[in-house]
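Structure for the following, please:
(one chain, ligands or ions: 2)
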Amino acid sequence: MDEVVAHLRTPYLSDSIPQQMSHQRIRRTAVTKVHEAVKAIALCHNVTPVFEVEGDFDTMTYQASSPDEVALVKWTESVGLTLIHRDLTSMTLRTPVTGATVKYGILQTFPFTSETKRMGIIVKDSNGVITFYMKGADVVMSSIVQYNDWLDEETDNMAREGLRTLVVAKKQLTEDQYRDFEARYSQAKLSTEDRSTKIRAVVESLERDLELLCLTGVEDKLQENVRPTLELLRNAGIKIWMLTGDKLETAICIGKSSKLVSKTQEVFVFKQVYTRMDVHAELNAFRRKNDSALVIRGDTLEVCLSFYEDEFVELACHSPTVIVCRCSPTQKADIVHLIKKHTKKKICAIGDGGNDVSMIQAADTGVGIVGKEGKQASLAADFSINQFSYIGKLVIVHGRNSYKRSAALSQFVMHRGLIITTMQAVFCSIFYLASVELFPGFLMIGYGTVFTMFPVFSLVLDKDVTSTVALTYPELYKELTKGRSLSLKTFFIWVLISLYQGNA
Ligand SMILES: Nc1ncnc2c1ncn2[C@@H]1O[C@H](COP(=O)(O)OP(=O)(O)OP(=O)(O)O)[C@@H](O)[C@H]1O
Ligand SMILES: [Mg+2]
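Ligands and ions are numbered 1, 2, ... in the order given. Next up is the predicted model:
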C-alpha cells in the first residue's frame, strides 16, 4: 500500500463561522485553530524519526507501526512542522518560518488497539501547559468529542472518496487534573485483579468532552494489478470476501475501485438491526436482491448471527461477494470459523497487518503480505508474498501444481508399497503362510529406492498444463475445487489397481 495524506478538514475552514465576527477576528480564530490542528497531528502518534548516515548525508526516515501515522507526520512536515526527535519521554518539533525547535514532554501514551480504535497522548509544553490529544475512528470519537453538527457529514463525505478517516481532538488539563489522573492511573496499573478493565475505566474518565480539532483523510492507494488479480481469482471459481476494519463508506469505495464489486452490480447495504424481526426483514430483503454484493457492519453481523446464523451464511455464500466492515481482529477469525462450520469449502485468508493474524491462523491456508504494516502477518502465515498480485500465480499455478503433484505422488507411493506387499502375501499363502521372503536383500532395497525412483521424479516434476495456460484460462482451476484428484474414490481405485497388479 502506498499511503499519501490527501486531506485535512477542520470545522473552522467551513463557511459556518458566525457572520457577526469581524474579519480580522475570523482570520485569527481560523488560523489559530488550524495551527492547533496541525500541532495535534504532529504530536499525537507513535512515530519515531530515525537518522541514517548515507555517504555524507544524514537521511531521516519515520518508523511507526502503522503507515497511516507515518503519512500524517510526513504531511505535517510538508506544511513546515517537522518531527525531529522522539524518545520515551520527549518529542521535539521544528517550527516553520524561524526553524526554532520546540520540545514537548511526553507524560503518558495510550497506544492504538483495534478494539478501542483510538490512541491518545498527554504532552506538556515548555510553558507547562498539559494537553491530552486523541485521534481515532469516527464511531468512537463522535461520542467523545463535544457535540457538533459537522463531523458525521464530513467523515461520510471523505469516506465516500475512499479516504481512511481519523478524527483528532484535544483537551487541556490543569496541573491538578493531571495529577489526579496520574494517581488513579498508576493505582489501576498496580491492581492485581481486572487490571485492564480498571485501566480502561480510568482512561475513559479522561475521554470526555474533548474539543474537536480536525479530520484527516489518508488515501490508501491500491497496489498494482489488484483488479486483474481479483478478476482472475473470480474466474477461477473462487469466492472473495473482504473483511476490513475501515468505515462502511470507505469499504464500499475500495470495493468498487478494486472491481471487487463490478460497476453494474448492485450493492446491498445491510441496515443496522437490533431485534429478531429486523434481522428477518433485512434477510428477506436481501434474498429478493439476486446477484447483489452484500455489505454489512461487524456489529450488525454479530446481531444477525445471534438470531439467524444458518440462513445468513447460506444467503451470504450465494452472494457474489461480501464486504464486512468495522471488523475487529477476533471477528475476522470468527467469520473464517463460521464459513468452515457451515460449508465444506477450503478457506484462504490474505492479510497484511497485525490485525489479520488471527484470521490468517484460523484459515486453511494463510497468506501474509509483507508491506508497510510490518511483518506480523507474513510471519504468522503459511505463505508470504510481497505484493497482492502474486496471489494469482500462487493459487492458480503453484497451487494447481502442488495439489496435482501431491495427490498423484501420495497415491503412487501407497500403490508402490501395496503392490509389493500383496505379492508377498500371495507368495506366503501359497507356501502355507510360511514367512519366506519373495524378494530377498538388495532386491527389496532396490525396489524401494533405485528401481522406482523415476516414477517418483517424474511425478514431482509433472505439470498437466503450463503456467501460461493456467493463467490464461483460470477456469481450469474450477475442476480442482471439486477435489477429484484426491478423494476416497481415487484412493479405492488405486487400491484395487494395486491389488490386481500384485496378484497378476
Ligand atoms: N494509528 C491509529 N490511531 C488512531 N486510530 C486508528 C489508527 N489506526 C487505525 N485507527 C482507527 O481504528 C480503525 C480500526 O483499525 P484496524 O487497524 O482494526 O483496521 P484498518 O486498518 O482500518 O483496516 P484493515 O483491517 O483493512 O487493515 C481504523 O478504521 C481507524 O479509524
Ligand atoms: Mg490496518
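
got the residues of this structure near ligand 1?
Proximity of the chain to ligand 1, by CB under 6 Å from any ligand atom, involves residues 66, 68-69, 112, 114, 117-119, 135-137, 166, 244-246, 353, 355. C-beta: built from backbone N, CA, C; applies to glycine.

Can you tell me which residue of this protein sits closest to ligand 1?
For the chain, the residue closest to ligand 1 is Gly245, as judged by CB to the nearest ligand atom, at 2.1 Å.

Now, the residues of the chain next to ligand 1 that are in strands?
Judged by DSSP state E, these include 118-119, 135-136, 166 as members of strands.

Filter the residues of the chain next to ligand 1 down to the buried ones.
Among the residues of the chain next to ligand 1, those classed as buried by neighbour count (16 or more other CB atoms under 10 Å) are 66, 68-69, 112, 114, 117-119, 135-137, 166, 244-246, 353, 355.

Which secondary structure state is assigned to Val357?
helix (DSSP: H, G, I helix; E, B strand; the rest coil).

residues touching it, list them.
By CB atoms under 8 Å, 6 or more residues apart in numbering, the residues touching Val357 are 329, 351, 376-377, 380.

Among the residues you listed, show me the least confident.
Here the lowest pLDDT out of the contacts of Val357 sits on Gln376, with 90.

What residues does that one make contact with?
Gln376 touches 353-354, 357, 368, counting by CB under 8 Å, 6+ apart.

Quick check: the farthest pair among those?
Pairwise distances across the contacts of Gln376 (CB to CB) peak at 10.5 Å, for the pair Gly354 and Gly368.

any shared contact partners between these two?
376-377.

Mind checking which of the two has more residues around it?
Gly368 (24 against 17; other CB atoms under 10 Å).

three-state assignment of that one?
strand.

list the contacts for it?
Residues near Gly368 by CB under 8 Å, 6+ apart: 350-352, 356, 360, 375-381, 383-385.

Could you do Ile121 as well?
The neighbourhood of Ile121, defined by CB under 8 Å, 6+ apart, consists of 43-45, 106, 108-110, 132-134.

Would you mind listing which of those are buried?
Here, 16+ other CB under 10 Å leaves 43-45, 106, 110, 132-134 buried among these.

out of those residues, which one sits closest to Arg179?
Taking CB to CB as the measure, Phe132 is the one of the buried ones among the contacts of Ile121 closest to Arg179, at 13.6 Å.

My reading is that that closest one is in a helix; is that accurate?
No: membership of Phe132 in a helix is not supported by three-state DSSP, which gives strand.

Kindly confirm my reading that Thr109 is in a helix.
No: under the criterion used here (three-state DSSP), Thr109 is strand, not part of a helix.

May I have the predicted confidence score for it?
The predicted local confidence for Thr109 is 95.

That one pairs with what?
The partner list for Thr109 in beta bridges (DSSP bridges) reads Ile121.

Lys135 contacts Thr165, doesn't it?
No: using CB atoms under 8 Å, Lys135 is not in contact with Thr165, being 10.3 Å away.

what is in contact with the two at once?
Thr216.

May I ask you to name the longest helix in this protein?
Criterion DSSP state H: the longest helix present in the chain is helix 400-430.

mean confidence score for whichever helix or strand comes after that one?
The helix or strand immediately downstream of helix 400-430 is helix 442-446, counting by DSSP states H and E. The average of the pLDDT scores along helix 442-446 is 88.

helices or strands next to the helix or strand following helix 442-446 in the packing?
Note on helix 442-446: by DSSP H and E, the next helix or strand toward the C-terminus is helix 453-460. On a contact count with 3 or more CB pairs under 8 Å, 6 or more residues apart in numbering; DSSP states H and E, helix 453-460 meets helix 400-430.

Any regions of the protein where pLDDT drops low?
For the chain, applying pLDDT under 70 flags the ranges 1-8, 10-28.

Report the residue ranges of every domain in it.
Taking automatic domain parsing as the reference, the chain has its domains at 2-215, 220-389, 394-503.

okay, these, which one's buried deepest?
domain 220-389 (a mean of 18; mean count of other CB atoms under 10 Å).

quick one: that domain to chain centroid distance?
Centroid separation between domain 220-389 and its chain, computed with CA atoms, centre = their mean, to the nearest Å, is 10 Å.

circling back: touching, the residue of the chain closest to ligand 1 and Cys327? I think so.
Yes: under the criterion of CB under 8 Å, Gly245 is in contact with Cys327, at a separation of 5.8 Å.

Contacts for stretch 240-248, please.
Residues outside stretch 240-248 that contact it (CB under 8 Å, 6+ apart): 114, 117, 137-139, 155, 159, 164-165, 230, 233-234, 251, 254-255, 260, 269, 295, 297, 321-328, 331-332, 335, 355, 359.

Quick check: beta-bridge partners of Ile323?
Under DSSP bridges, the beta-bridge partners of Ile323 are Met242, Val295.

any idea how far it lies from Val47?
For Ile323, the distance to Val47 (CB to CB, to the nearest Å) stands at 30 Å.

same question, Ala64
From Ala64 to Val47 the distance is 4 Å (CB to CB).

overlap in contacts of these two?
Common neighbours of Ala64 and Val47 (criterion: CB under 8 Å, 6+ apart): 70, 73.

show me what contacts Ser66?
Contacts of Ser66 (CB under 8 Å, 6+ apart): 112, 373.

host element of Val336?
Val336 is part of helix 329-342, with elements assigned from DSSP H and E.

other SSEs contacting the helix or strand just after that helix?
Elements were assigned by DSSP H and E; along the chain past helix 329-342, the next helix or strand is strand 348-351. Using 3+ CB pairs under 8 Å, 6+ apart, the elements in contact with strand 348-351 are helix 329-342, helix 357-362, strand 365-369.

Quick check: closest non-adjacent residue to Thr155.
Asp138 (4.3 Å; CB to CB, 6 or more residues apart in numbering).

Is it correct that that neighbour is in contact with Asp152?
Yes: counting by CB under 8 Å, Asp138 touches Asp152, with 7.4 Å between them.

So Leu43 sits against Thr92, correct?
No: judged on CB under 8 Å, Leu43 makes no contact with Thr92 at a distance of 10.8 Å.

any common contacting residues for the two?
With CB under 8 Å, 6+ apart, Leu43 and Thr92 have common neighbours Tyr104.

Fine, thanks again, bye for now.
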